[in-house]
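*Asks:* I need the structure of the sequence given here:
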Amino acid sequence: MTVEAPAAGRLVAAGNDSDGQVSGIVESAQGRRITTVAAGYYHSLALTDDGTLLAAGRDEYGQVSGIVESAQGRRITAVAAGYDHSLAVTDGGTLLAAGRDEFGQVSGIVESAQGRRITPAPARPPPPGGRPDDGTLLAAGDDGYGQVSGILKAAQGHRITTASASALHSLAVTDDGTLLAAGDDEYGQVSGILKAAQGHRITTASAGTWYNSLAVTDDGTLLAAGDDRYGQMSGIVEATRGHRTSTVAAGFFYSLAVVDDPGDCGPLKAHQICASFTKAQAPQDTYTLDFLATGTPEQDLTSGAPARAVDTVSPEPTHIVVRRVDPPRDVATGSVYFTHDPATGEITIDDVSSELPDGLTYRRTDGNRFAFTWNR
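*Replies:* You can find the predicted model right below:
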């Protein structure tokens, strides 16, 4: 089964829908911009751009209802779905968990996290030169198919930016975009995804619960290999065709993906943000938000137009002007001060140093993506 939700940053899903893990999560996501997804055995999690947690599917152990209840009233920054349990991280660094606890996978991880601030991994690889002491892959557990020893051997000498493990196979991505895979290959979930990834720079990958693998290239193309008995591979590839995929999750005989709308910014370069501009009142009047920084050509956003990439390379505050297009006139001026974290590549706006004009507000929608609004 394949279901789609019409919206920017929309969630698409394909495969086995026995417990509503496909149709239910997509229905919950309609009209929302999704930033992160996670797929478990028969349940799915998704995260909206305002930090709301969505969940659907089998709820035998409270892995759906329990995690949603725990997340109510909180802004969630990261989610993960296990076999029959769910994890979430709040913006304050609190770890939430719900679901099957037979082996302490819920109570144990929550107890370990007490008194600690939990931070999710960066959404994108760090820039060259960032965190040189990181990137060593660690792995342990059942190694009947070489899913532990094999991926460790493949990762030797490489700096790993992201990894994903299933019951029988493992995937990892190096800092130069090379995909690594090891373990059971009965359905080509190892050899097939490696073949598909040849010649591509991979940004993220997901190993399905059993026999599936997904990977995303730096141009947003979704690659898939493995068991396709429910259309979980062919279906998700078809659903994402012609769109830029940003994140994926391979579950048990089903798959989830988030695609950007055609007006999105595409892959961002270092020191770039993806920014949009909206006029809250009288939206029929066209305004622009202009960015003027030393050493950078003038850049502008038009109200109601698709988001676009904006360079933030200047170490000085960037002068900004709100302008009415017709009749043309400047209506407000100010400045915005961008800061860059060299370890993660994250760009933030320094609210203390910035002097935004009265009536101009902003919010971070996801990663280095910002939405500016003129409220007058």
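
*Asks:* for A182, which non-adjacent residue is closest in space?
*Replies:* For A182, ignoring the flanking residues on the chain, the nearest one in space by C-beta to C-beta, 6 or more residues apart in numbering is G150 at 2.9 Å. To be clear about C-beta, it is placed using only N, CA and C from the backbone, and glycine gets the same treatment.

*Asks:* correct me, but Q281 touches G359?
*Replies:* No: with contact defined as C-beta atoms under 8 Å, Q281 does not count as touching G359 (9.6 Å).

*Asks:* shared neighbours, the two?
*Replies:* Here Q281 and G359 have N375, R376 as joint contacts, going by C-beta atoms under 8 Å, 6 or more residues apart in numbering.

*Asks:* higher neighbour count, the two?
*Replies:* Neighbour count, other C-beta atoms under 10 Å: between Q281 and G359, G359 has more, with 15 against 9.

*Asks:* distance between the ends of stretch 70-87?
*Replies:* One end of stretch 70-87 sits 10 Å from the other (C-alpha to C-alpha, to the nearest Å).

*Asks:* I67: what secondary structure?
*Replies:* Classification of I67 by DSSP: H, G, I helix; E, B strand; the rest coil places it in helix.

*Asks:* what residues does D218 make contact with?
*Replies:* D218 touches G177, H200, R201, I202, T203, P267, counting by C-beta under 8 Å, 6+ apart.

*Asks:* for the stretch 151-300 of the chain, which spans come out with low pLDDT?
*Replies:* Low-confidence segments of the stretch 151-300 of the chain (pLDDT under 70): 261-264, 266, 283.

*Asks:* tell me where it has strands.
*Replies:* 160-165, 169-174, 179-183, 202-207, 212-217, 222-226, 244-250, 254-260, 272-279, 287-293, 296-302 (DSSP state E, counting those that start in this stretch).

*Asks:* mind putting those in a markdown table, distance to L137 and mean neighbour count included?
*Replies:* Converted to a markdown table, the strands of the stretch 151-300 of the chain look like this (distance: least, C-beta to C-beta, whole Å; neighbours: other C-beta atoms under 10 Å):
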| stretch | distance to L137 | mean neighbour count |
| --- | --- | --- |
| strand 160-165 | 4 | 19 |
| strand 169-174 | 6 | 26 |
| strand 179-183 | 9 | 25 |
| strand 202-207 | 13 | 25 |
| strand 212-217 | 17 | 29 |
| strand 222-226 | 21 | 25 |
| strand 244-250 | 19 | 25 |
| strand 254-260 | 24 | 28 |
| strand 272-279 | 29 | 21 |
| strand 287-293 | 39 | 21 |
| strand 296-302 | 38 | 15 |
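
*Asks:* quick one: closest of those strands to G135.
*Replies:* Closest approach to G135 among these (C-beta to C-beta): strand 160-165, 5.3 Å.

*Asks:* which residues touch the closest one?
*Replies:* Residues outside strand 160-165 that contact it (C-beta under 8 Å, 6+ apart): 121, 125-126, 135-137, 139, 147, 151, 170-175, 180, 204-207.

*Asks:* wait, T247 sits on V216?
*Replies:* Yes: using C-beta under 8 Å, T247 makes contact with V216 at a distance of 7.3 Å.

*Asks:* can you count the residues close to V89?
*Replies:* V89: 21 neighbours (other C-beta under 10 Å).

*Asks:* got it, and R241?
*Replies:* The burial count for R241: 11, using other C-beta under 10 Å.

*Asks:* give me phi/psi at it?
*Replies:* Main-chain torsions, R241, degrees, to the nearest 10: phi -60, psi 130.
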